[in-house]
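Visitor: From the sequence below, what's the structure:
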Amino acid sequence: MSDARLHKPRLYRLEGTDALPHHPALLGTRCECGYAHFPPQNYGCEQCGRYGDALTDIALSGRGTLTSVATVHIHSGFATDADTIPIMVPFTIATVELDEGPRVRGLLVEGTGAVRPGTMVVTSMADIGAGGTRILDLRFALES
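Guide: Okay, the predicted model is just below:
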């Protein structure tokens, strides 16, 4: 995948974590109090209020539990930029509580079908590039 670029490289990376080396990692921060944040931030811990050097960059495994899902059936289909293909309906938005704590929202991979809260998911990548450009974006897939 060396010829591909990441759609949002400040939020995730292709390289996984020790816990899940074959799945992309989300990028976050952890406070000295142990609270993990996503997306990464430096303005202060949501749990205790510490800031600055109390927050360190971490990689989150991308594994978690589905807490809610919504399938979108009507959508304008706009692309985020000229190099990406539009999102086509139906697509499913998932809220995932990561094993490390933060709750994140993202798209489920196409063709996932009906899923329920409590389902375990992991990160994966989807090629959203248009016109021969390879652009990878983060998705969640059912854990196998």
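
Visitor: tell me the mean pLDDT for stretch 35-42?
Guide: Averaging pLDDT along stretch 35-42 gives 93.

Visitor: Okay, now it: how far is its last residue from its first?
Guide: Stretch 35-42 has its terminal residues 13 Å apart, counting by CA to CA, to the nearest Å.

Visitor: just how off-centre is it within its chain?
Guide: 13 Å (CA atoms, centre = their mean, to the nearest Å).

Visitor: Do me a favour and get the end-to-end distance for stretch 69-89?
Guide: Using CA to CA, the end-to-end distance of stretch 69-89 comes to 15 Å.

Visitor: any idea of the mean pLDDT in that stretch?
Guide: Mean predicted confidence for stretch 69-89 is 79.

Visitor: Same question for it: list its buried residues.
Guide: 69, 83-85, 87 (16 or more other CB atoms under 10 Å). C-beta: built from backbone N, CA, C; applies to glycine.

Visitor: what's the farthest-apart pair in those residues?
Guide: Among these, the pair separated by the greatest distance (CB to CB) is 69 and 83, at 28.2 Å.

Visitor: how close does residue 35 get to residue 141?
Guide: As judged by CB to CB, to the nearest Å, residue 35 and residue 141 stand 27 Å apart.

Visitor: What of residue 19?
Guide: 16 Å.

Visitor: So between those two, which is more surrounded?
Guide: Comparing residue 19 with residue 141 by neighbour count (other CB atoms under 10 Å), the higher total belongs to residue 141, at 18 against 14.

Visitor: Which strand or helix spans the more buried one?
Guide: strand 135-142 (DSSP states H and E).

Visitor: Check which helices and strands that strand sits against.
Guide: Applying 3 or more CB pairs under 8 Å, 6 or more residues apart in numbering; DSSP states H and E, one finds that strand 135-142 contacts strand 5-6, strand 103-107, strand 120-127.

Visitor: what's in contact with the first one?
Guide: Around strand 5-6, the neighbours that count as contacts under CB atoms under 8 Å, 6 or more residues apart in numbering are 12-14, 134-137.
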